[in-house]
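Q: sequence and computational prediction follow.
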Amino acid sequence: MLLPYNYVMMQNPAYAADFEELARVCAERQVAFQTIKGITLGPWNEKERTHGTWYEPLSDPDDIRTAVSWVLGRPGVFLNTVGDLSLLPMVFDAAASGAPRPSDATMDALVRRREMAPLFV
């Protein structure tokens, strides 16, 4: 199974409930659970596109490490990498760091500081 998973998306109660139900079914059926859009900052909207992704990604290494650690902190999922080669080394470094999953307070601070927005409404 392949679907978006990031902190901002999981703050939407309907999306989170659907995600959790799908995760339960996948676990029951022993289906792999792949996640995408783990380092999404938000839609580009009118901003200049600085990366080769259809959404605006996080680009600061510390922000990427925080977002990747949050995704990988969930047992039973793995993260597909970003589609921009300039960001790929930072995602690999973040995944290899083995950092613990950040707290909700840490993630809330990142969302506020970077003005993160849901990619899908």
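A: Right, received. Where do you want to start?
Q: give me the phi and psi for E56.
A: When read as degrees, to the nearest 10, the backbone of E56 gives phi -80, psi 120.
Q: spit out the contact partners of the closest residue to it other than its chain neighbours.
A: Once flanking residues are discounted, E56 sits nearest to L41: 4.4 Å by CB to CB, 6 or more residues apart in numbering. C-betas here are computed from N, CA, C, even on glycine. Residues in contact with L41, defined by CB atoms under 8 Å, 6 or more residues apart in numbering, are 55-59, 114, 116-117.
Q: nearest to Y15, of those residues?
A: Compare each of those with Y15 using CB to CB and the shortest gap goes to A117, at 13.7 Å.
Q: name the surrounding residues that touch the longest helix along the chain.
A: As assigned by DSSP state H, the longest helix anywhere in the chain is helix 13-29. Contacts with helix 13-29, where a contact means CB under 8 Å, 6+ apart, come from 1, 3, 5, 9-10, 31-33, 76-77, 120.
Q: among the residues you listed, who's most crowded?
A: Highest neighbour count within the contacts of helix 13-29: Y5, with 23 neighbours (other CB atoms under 10 Å).
Q: partners of the closest residue to it other than its chain neighbours in the sheet?
A: Residue nearest to Y5 in three dimensions, not counting chain neighbours: T35, with 3.7 Å by CB to CB, 6+ apart. Taking DSSP bridges as the rule, T35 bridges to L3, L79.
Q: T35: neighbouring residues, count only.
A: Per other CB under 10 Å, the neighbour tally for T35 reads 20.
Q: my read: it touches V77, true?
A: Yes: with contacts counted by CB atoms under 8 Å, T35 reaches V77, the gap being 5.2 Å.
Q: need the residues touching each of these two.
A: Shared contacts of T35 and V77, defined by CB under 8 Å, 6+ apart, comprise 5, 71.
Q: reformat the contacts of L41 as a markdown table; add secondary structure.
A: Shown next, in a markdown table, are the contacts of L41 (DSSP: H, G, I helix; E, B strand; the rest coil):
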| residue | secondary structure |
| --- | --- |
| Y55 | coil |
| E56 | strand |
| P57 | strand |
| L58 | coil |
| S59 | coil |
| R114 | helix |
| M116 | coil |
| A117 | coil |
